[in-house]
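1. need a structure here:
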Amino acid sequence: MTSTIRASVVPFVIEAEGTGVAQTLVSQGDNKHEFTTDAYPAFGGKDEAPSPLFYALGALTSCNQVTAALVAKDLGITLGKFTFTIQGDLDTLVLVKGEEGNANFEKVLVDASVETDATEEQFTTFVSEVERRCPVSQLFIRSGLEFHNNWKRNALA
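-> Prediction:
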């Protein structure tokens, strides 16, 4: 798979193989990272590794934290410890039973807290910019699901 891209565009490539619903995936690049997926027994798996749905939600937390670090640098604020709880509500009737409808999450709730020295005004700008600039948040938001992004500012320890 090749493409012509701008110098500012970084291609992210995954190669995968598997049997049944389990896969082994390898990220391509200088450092190849291997990870596995499986599914709950109700979806045909053995639940021996996180499901792709957990990876999608985990990607949302991780991408928010990476984006937050970039935004904080731009705003000149300091960040400390992060905590995230993310919930994705999925009606499984389309996936499991093949019913008509939308196979996407119906709703995703992000609860995040971060230690920071940001003022209230800086923190409001920070949260808005993290949401706008985070590629994974934008995947969820632009998919049309109900997306709630709640951030709490804690004093820097």
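2. residues near the residue lying closest to Lys46 once chain neighbours are set aside, how many?
-> Closest residue to Lys46 apart from its sequence neighbours, by Cβ to Cβ, 6 or more residues apart in numbering: Asp38 at 5.8 Å. For the C-beta atoms, the positions are set from N, CA and C on the backbone; glycine is no exception. Number of residues near Asp38 (other Cβ atoms under 10 Å) recorded here: 20.
3. One more: Ala42?
-> 10.
4. can you pull the pLDDT of it?
-> pLDDT for Ala42: 88.
5. Which helix or which strand is home to the residue lying closest to Thr24 once chain neighbours are set aside?
-> Nearest residue to Thr24 in three dimensions, chain neighbours excluded: Thr36, at 5.3 Å (Cβ to Cβ, 6+ apart). In the assignment (DSSP states H and E), Thr36 maps to strand 34-37.
6. by contact count, what packs against the next helix or strand after that strand?
-> Using DSSP H and E, the helix or strand that follows strand 34-37 in sequence is helix 52-75. Judged by 3 or more Cβ pairs under 8 Å, 6 or more residues apart in numbering; DSSP states H and E, helix 52-75 is in contact with strand 34-37, strand 79-89, strand 107-116, helix 120-133, helix 135-142.
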